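> Let me see the structure of the following:
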Amino acid sequence: MPNQPHSHIVKSYDEEQRRLVGEILHMGEMAVAQLQAALDVVERRDDRAAQRVIANDEAIDKLESNISHDVMQLALRGPMARDLREILAALRIPSDIERIGDYAANVAKRSIALNVSPPMPHTNSLRALGELASRQVTDVMAAYRDGDAERAVMVRARDAELDMQYTALFRELLTYMMEDPRNITPCTHLLFMAKNIERIGDHATNIAEKVWFLAHGDAALPPRENRDETSTAGAI
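Reported below is the predicted structural model:
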């Protein structure tokens, strides 16, 4: 029975790895829920609910810290090459999720300032942008759960669609601001909210690239489009 202790160690390591993946998936679900809640408070113009979304961000921060600690403990047990990639992914993906939670909280914070102004028709476009980002996060977390590098690459490619939608909203808001100076303040808040959502898409892309790394190591990723044209939108 000389292999029994080794088998026990491997089983224990695998169980801990599965638990960590479960925690990271749960963290991703929390971040998506945060974004959905932030989008809801924009539409409902509910300051009290927005404050709850902001406060809930602490739970994601705490979970990221706990996961980082657990990953480092797992790393001390001498993993092999594939295990090292899993550990690196388990360290880096929660950081992206934590930032997604931060951006969702930022949307909620801006909604409180936006509520001082009359309702804006562009909140519908903001909602559509947020739903697209939410699907990106949900899909990339499913790719991580399943170890599906091809699905992760598809999520990464879809970031171009989110960029295009963000650019369209950016241009629309700039036009609205130029038409009436009274729109400048609420449109500025919406611009910041839209940028936060666009950044959520960027972090979903980061996670997709980490899922690819988990499966393929340093193998080159397929090229992808970048459709964020807001750097030139001021020329309209």
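
> Counting residues, which helix of this structure comes out longest?
Counting by DSSP state H, the longest helix found in the chain is helix 4-44.

> now it, how far from the centre of its chain.
In terms of Cα atoms, centre = their mean, to the nearest Å, the centre of helix 4-44 is found 14 Å from the chain centre.

> following it, which helix or strand shows up next?
Proceeding N to C from helix 4-44, the next assigned helix or strand is helix 47-75, under DSSP states H and E.

> what angle do that following helix and helix 4-44 make?
160 degrees (axes from the mean of the first three to the mean of the last three Cα atoms, to 10 degrees).

> in helix 47-75, what's buried?
Neighbour-count burial for helix 47-75, counted by 16 or more other Cβ atoms under 10 Å, picks out 49-50, 53-54, 56-57, 60, 63-64, 67-68, 71, 74-75. C-beta coordinates here come from the backbone N, C-alpha and C atoms, glycine included.

> What is the lowest-pLDDT residue among these?
In this model, the minimum pLDDT among those belongs to residue 75 (71).

> Hmm, that residue is touching residue 87, no?
Yes: applying Cβ atoms under 8 Å, one finds residue 75 in contact with residue 87, separated by 5.0 Å.

> Which pLDDT value goes with the closest residue to residue 59 other than its chain neighbours?
Excluding the flanking residues, the one nearest residue 59 by Cβ to Cβ, 6 or more residues apart in numbering is residue 30, at 6.7 Å. At residue 30, the model reports a pLDDT of 97.

> try residue 41
Predicted confidence (pLDDT) for residue 41: 95.

> which among the buried residues of helix 47-75 gets closest to residue 206?
Distance to residue 206, by Cβ to Cβ, is smallest for residue 64 among those, at 14.3 Å.

> ok, now how distant is that closest one from residue 45?
30 Å (Cβ to Cβ, to the nearest Å).

> Residues contacting stretch 86-97, please?
Applying Cβ atoms under 8 Å, 6 or more residues apart in numbering, the contact partners of stretch 86-97 are 17, 20-21, 24, 27-28, 30-31, 60, 63-64, 67-68, 71-72, 74-75, 79, 144, 203-204, 206-207, 210-211, 213-214.

> show me where pLDDT drops low in this structure?
Scanning the chain with the threshold set as pLDDT under 70 gives 1-11, 76-82, 226-236.

> try 90 this time
1-17, 68-88, 91, 214-236 (pLDDT under 90).

> picking up where we left off before, which one among the buried residues of helix 47-75 gets closest to residue 137?
Once Cβ to Cβ is applied, the member of the buried residues of helix 47-75 that ends up nearest residue 137 is residue 60, at 12.4 Å.

> Just to check, residue 60 is in contact with residue 34?
Yes: here residue 60 reaches residue 34: they are 7.0 Å apart, a contact under Cβ under 8 Å.

> Please enumerate the shared neighbours of the two.
With Cβ under 8 Å, 6+ apart as the test, residue 60 and residue 34 both reach residue 101.

> before we move on, the earlier item: pull the most distant pair out of the buried residues of helix 47-75.
Top of the distance list for the buried residues of helix 47-75 (Cβ to Cβ): 49 and 75, 39.7 Å.

> so what's residue 110 up against?
189, 190, 192, 193, 196.

> Buried only: go through those residues for me.
Using 16+ other Cβ under 10 Å, the buried ones in the contacts of residue 110 are 189, 190, 192, 193, 196.

> Tell me how far the last one lies from residue 54.
To tie it back to what came earlier, the one meant is residue 196. For residue 196 relative to residue 54 (Cβ to Cβ), the value is 13 Å.
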